[in-house]
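> sequence plus the predicted model coming up.
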Amino acid sequence: MTPEERYSRQVLFRGIGAEGQRRLGAARLCVVGCGAIGSAVASLLARAGVGTLRIIDRDYVEPSNLQRQSLFDENDAVESVPKAIAAARKIAAFNSEIVVEPQVADLTPANVGTLLAHSDLLLDGTDNFETRYLVNDYAIEQSVPWIYAAAVGSYGVTMNILPGETACLACVFPASPRGVVETCDTSGILNSAVNLVASIQATEALKLLVGARDRLRRTLLSFDVWTNERSEIEAADPRPDCQTCVQREFIHLEGQGRPHITLCGRNSVQIHERERPIDFAEMSERLKPHGIVRHNELVLKFWRDDYEMTLFPDGRAIIKGTTDTAIARSLYARYVGS
Ligand SMILES: [Zn+2]
């Protein structure tokens with residue numbers, strides 16, 4: 001199959017053309033977080049022929065993801081495959097001509113410079129404002145465009161951030177709306193809201209990558225697919241007193257280490273206090289007397305009492321069954337080591 005055949009219908013579209021398609025093929029994109037929105041936007045842009053796609057995700061596939069996370073299947077959930085790996089495998093099955101770089105990692109101030117390096121555009125597929133502020137700081141400091149996107153319930157919201165031109169995330173949300181904002185856990189989520197927001201995000205990405213900057217939307221767009229409410233807030237210019245894009249204070253890039261994070265929508269805590277490789281075979285032997293243990297080459301799972309611990313090869317762990325970071329930390333210290 002030739003690239004001419006594969007992309008023929010897209011090249012026919014006047015906004016793309018042969019030159020646009022060539023530019024897409026030369027582009028490097030980074031999808032930060034590969035849950036529902038990340039899956040949908042990565043799938044669209046991989047099919048559209050973006051040359052290199054880096055996919056960063058810290059989590060593994062679970063049955064409750066399958067309703068909306070379109071790059072994963074039942075087998076991925078049974079095997080607890082890390083989402084970045086599962087996404088790369090799925091994309092390779094429908095477009096083996098592009099390069100996909102899966103990164104099983106949590107984006108932190110310590111690794112953001114490495115993980116987001118050399119990208120033409122960053123796409124938000126995260127589920128939390130902490131990571132979004134980190135991406136925003138990096139994008140403004142390095143002058144890399146990024147596209148914010150979020151969905152919860154039947155509601156979706158998205159905004160293009162063009163450093164040096166438009167408002168940034170901190171212009172619109174100076175402080176994290178945490179506490180007042182609903183989560184997937186409390187409100188559920190419709191897969192159609194996800195796909196709509198990801199479609200808009202992917203289209204804005206195409207415009208940017210082919211050089212159609214005059215077509216880019218310069219508003220914060222939100223809609224509710226259930227109530228049909230829709231709104232747009234002007235975001236063409238930075239807020240004059242924005243700490244991030246005007247005063248250029250990158251507090252999130254300088255942020256302290258984040259030893260524990262409670263994941264969105266789940267009764268679980270992430271631990272990544274230290275980075276050290278774990279030998280799964282050896283760890284499995286050590287844990288056997290204390291509970292049920294199972295591993296493949298990608299993850300090790302350990303069940304004890306009401307807790308389920310998932311260990312990654314770099315020593316990071318997700319502990320399910322608690323939101324108490326002290327309990328999670330003591331389980332980790334006891335069974336994995338401190
Ligand atoms: Zn700003």
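Structure received. These figures come from a predicted structure and were not determined experimentally.
> residues in contact with the residue most central in space within the chain?
When C-alpha atoms, centre = their mean is applied to the chain, the residue found nearest the centroid is G33 (1.2 Å). G33 makes contact with I56, D57, D124, G125, T126, D127, T131 under the criterion C-beta atoms under 8 Å, 6 or more residues apart in numbering. Backbone N, C-alpha and C define where each C-beta goes, glycine included.
> now do 7 Å
Applying C-beta atoms under 7 Å, 6 or more residues apart in numbering to G33 gives the contacts D57, G125, T126, D127, T131.
> skipping adjacent residues, who's closest to the second one in space?
Beyond its immediate neighbours in the sequence, the residue positioned closest to G125 (C-beta to C-beta, 6 or more residues apart in numbering) is G38, lying 2.5 Å away.
> ok, now how distant is R276 from F312?
When distance is defined by C-beta to C-beta, to the nearest Å, R276 is 11 Å away from F312.
> between the two, which is the more surrounded one?
Using other C-beta atoms under 10 Å as the criterion, R276 and F312 rank with F312 on top: 22 against 10.
> which residues in this protein form helices?
Ranges of helices in the chain, per DSSP state H, are 3-6, 8-12, 17-26, 36-48, 74-78, 83-94, 112-115, 129-142, 169-172, 184-187, 191-210, 280-287, 325-335.
> contacts for the fourth one next, please.
This means helix 36-48. Residues contacting helix 36-48 (C-beta under 7 Å, 6+ apart): 10, 24, 29, 31, 34, 53, 55, 57, 68-72, 87, 91, 94-95, 98, 123, 125, 149, 151, 189, 194-195, 197-199, 201-202, 205-206.
> can you rerun that using 6 Å?
In this structure, residues lying in contact with helix 36-48 by C-beta atoms under 6 Å, 6 or more residues apart in numbering are 31, 53, 55, 68-71, 87, 91, 95, 98, 123, 125, 149, 194-195, 198, 201-202.
> try the longest one
Applying C-beta under 6 Å, 6+ apart, the external contacts of helix 191-210 come out as 16, 20, 23-24, 27, 36-37, 40-41, 44-45, 68, 121, 147, 149, 151, 154, 156, 158, 160, 215-216, 225.
> okay, now stretch 59-67: how far is its last residue from its first?
End-to-end distance of stretch 59-67 (C-alpha to C-alpha, to the nearest Å): 16 Å.
> thinking again about what came up before, now for the residue nearest to G125, how many residues are close by?
G38, neighbours per other C-beta under 10 Å, totals 30.
> that one and the ion, how far apart?
To the ion, G38 is 24 Å away according to C-beta to the ion, to the nearest Å.
> what's the answer for D106, then?
Taking C-beta to the ion, one finds D106 at 25 Å from the ion.
> ok, that residue touching D59?
No - D106 sits out of contact with D59 when judged by C-beta atoms under 6 Å, with a separation of 8.9 Å.
> below-threshold pLDDT in the stretch 201-338 of the chain: ranges please.
256-266, 273-275, 338 (pLDDT under 70).
> need the residues of it near the ion, please.
Contacts of the stretch 201-338 of the chain with the ion, taken as C-beta under 5 Å from the ion, map to P238, C242, T244, C245.
> quick check: the farthest pair among these?
Farthest apart among these by C-beta to C-beta are P238 and T244. That separation is 8.9 Å.
> mutual contacts of the two, please.
By C-beta under 6 Å, 6+ apart, no residue touches both P238 and T244.
> ok, those two, which is more surrounded?
More neighbours surround T244 than the other of P238 and T244, with 25 against 19 (other C-beta under 10 Å).
> still on that earlier bit, any of the contacts of helix 191-210 buried? List them.
16, 20, 23-24, 27, 36-37, 40-41, 44-45, 68, 121, 147, 149, 151, 154, 156, 158, 160, 216, 225 (16 or more other C-beta atoms under 10 Å).
> which stretches in the stretch 201-338 of the chain count as strands?
In the stretch 201-338 of the chain, the segments counted as strands under DSSP state E, counting those that start in this stretch are 219-224, 230-234, 260-262, 268-271, 292-295, 300-304, 307-311, 317-320.
> export those to CSV and tack on mean neighbour count?
Listed next are the strands of the stretch 201-338 of the chain as CSV, based on neighbours: other C-beta atoms under 10 Å:
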stretch, mean neighbour count
strand 219-224, 18
strand 230-234, 11
strand 260-262, 17
strand 268-271, 22
strand 292-295, 16
strand 300-304, 20
strand 307-311, 21
strand 317-320, 24
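> including distance to S330, could those strands go into CSV?
Converted to CSV, the strands of the stretch 201-338 of the chain look like this (distance: least, C-beta to C-beta, whole Å):
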stretch, distance to S330
strand 219-224, 42
strand 230-234, 45
strand 260-262, 12
strand 268-271, 11
strand 292-295, 19
strand 300-304, 12
strand 307-311, 11
strand 317-320, 10
